[in-house]
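**Student:** got a sequence here, can you build the structure:
(chains A and B)
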Protein chains: 2
Amino acid sequence: MFNKFMAEAIEEAKKALAEDEVPVGAVITHRGKIIAAAHNLRETLNRATAHAEILAIEKACSILNSWYLTDCDLYVTLEPCIMCAGAIVNARIRSLYFGAFDPKAGACGSVIDVFRLKELNHRVTVYAGIMEDECASLLTKFFRSKR
Amino acid sequence: MFNKFMAEAIEEAKKALAEDEVPVGAVITHRGKIIAAAHNLRETLNRATAHAEILAIEKACSILNSWYLTDCDLYVTLEPCIMCAGAIVNARIRSLYFGAFDPKAGACGSVIDVFRLKELNHRVTVYAGIMEDECASLLTKFFRSKR
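**Tutor:** Residues are numbered from 1 along each chain as shown, chains lettered A, B, ... in the order given. Okay, here's the model as predicted:
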């Protein structure tokens, strides 16, 4: 089941790659169905916050007409950064599934683990390394083309 | 100088209070002039990401037509949460000035200090407790009215 949703996130990442954006894609599911899909658009929108996760969360909030995304899970091809991990907590996402690890900026264990902070008022269950190779290969392809 | 800008952030927080939002306001300056001002609109917009800082950063990116806010400083009445602190790093904000401390969710020393993570590729200078009493009193007023 989670591979099916990660495959959709990978499709989103491929859209980012086609638009010359760092290829990261995300989908949000609610009760087993995808309600939001987005990909990184930082360069296209010229907006520091336009990561795939933020755009997906904003779409899901709009769809459910609520700032808290109860019973929602987020699938993203790359380990979220600090901003996105914080947004996942703020939106009360239930579970996070991510693909590739980000040793330089990942906030789910790589640089820091936001979800292990006891002080926060919301717990997120994290599943790491889902379809990691497929997710990472898109990033490798992108950065190799930039050299 | 920074009190003048924090006073403008407080004016933004008052707008949030008038709209029955948690009263947090923010402004962003670029070369000594305010280029963006925003207040928390989480309930109004039903959006988990609609914190004052995020909205101000998005406005500033739009104004400067750039995702990196070089030479920009952010003034906010409350210590940023993890999401907002991460966004401040992502946007390459130069200096952060905040008013009240947030012992429950503050990511600039209270719960965690995002800006002290050595792994991140951008350094932010942080000034804490600017006009703290004025900033905190708005929050106290709001939460007292909710009891």
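**Student:** avg pLDDT for the helix or strand where A:Asp133 lies?
**Tutor:** Using DSSP states H and E, A:Asp133 falls within helix A:132-146. Averaging pLDDT along helix A:132-146 gives 95.
**Student:** who touches it?
**Tutor:** In this structure, residues lying in contact with helix A:132-146 by Cβ atoms under 8 Å, 6 or more residues apart in numbering or on different chains are A:6, A:9-10, A:13-14, A:17, A:22-24, A:77-78, A:99-101. Placement of C-beta: from N, CA and C, glycine included.
**Student:** assumed A:Val126 was part of a strand.
**Tutor:** Yes: per DSSP: H, G, I helix; E, B strand; the rest coil, A:Val126 lies within a strand segment.
**Student:** what's the closest non-adjacent residue to it?
**Tutor:** Nearest non-adjacent residue to A:Val126, counting by Cβ to Cβ, 6 or more residues apart in numbering or on different chains: A:Leu96, 4.9 Å away.
**Student:** so what strands line up beside the strand or helix carrying the one you found?
**Tutor:** Here A:Leu96, judged by DSSP H and E, is contained in strand A:95-100. The pairing partners recorded for strand A:95-100 under DSSP bridges are strand A:72-78 (parallel), strand A:125-127 (parallel).
**Student:** can you say which of those is packed in most?
**Tutor:** Most buried of the strands paired with strand A:95-100, by mean neighbour count (mean count of other Cβ atoms under 10 Å in any protein chain shown): strand A:72-78, with a mean of 28.
**Student:** next secondary structure element downstream of that one?
**Tutor:** Counting by DSSP H and E, the element after strand A:72-78 in chain order, helix or strand, is helix A:82-90.
**Student:** list the contacts of that following helix.
**Tutor:** Residues outside helix A:82-90 that contact it (Cβ under 8 Å, 6+ apart) are A:49, A:51, A:53-54, A:57, A:67, A:74, A:76, A:80, A:96, A:105, A:107-108, A:111-112, A:114-115, A:120, A:122, A:124, B:48-49, B:51, B:81-87, B:89-90, B:107, B:114, B:117, B:120.
**Student:** ok, back up a step: just the C-alphas of the strand holding A:Leu96, formatted as PDB.
**Tutor:** This file holds the C-alpha atoms of strand A:95-100, laid out as PDB (Å, rounded to 0.1, in the frame of the first residue of the first chain):
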ATOM      1  CA  SER A  95       2.400   9.200   9.600                       C
ATOM      2  CA  LEU A  96       5.300  10.300   7.400                       C
ATOM      3  CA  TYR A  97       6.800   8.000   4.800                       C
ATOM      4  CA  PHE A  98      10.000   9.200   3.100                       C
ATOM      5  CA  GLY A  99      12.300   7.800   0.500                       C
ATOM      6  CA  ALA A 100      15.800   9.000   0.200                       C
END
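**Student:** for A:Phe5, what are its contacts?
**Tutor:** A:Val27, A:Thr29, A:Ile34, A:Asp73, A:Tyr75, A:Tyr97.
**Student:** farthest pair within those?
**Tutor:** The most widely separated members of those are A:Ile34 and A:Tyr97, with 12.8 Å between them, by Cβ to Cβ.
**Student:** same drill for those two, tell me which one is more crowded.
**Tutor:** The residue with more neighbours, out of A:Ile34 and A:Tyr97, is A:Tyr97; 24 against 16, by other Cβ atoms under 10 Å in any protein chain shown.
**Student:** the nearest residue in space to A:Arg123 that is not next to it in sequence in helix, strand or coil?
**Tutor:** Excluding its sequence neighbours, the residue lying closest to A:Arg123 (Cβ to Cβ, 6+ apart) is A:Phe115, at 7.6 Å. Of the three states, A:Phe115 takes helix under three-state DSSP.
**Student:** shouldn't A:Phe115 be in contact with A:Ala128?
**Tutor:** No: A:Phe115 is beyond contact range of A:Ala128, at 10.6 Å (criterion: Cβ atoms under 8 Å).
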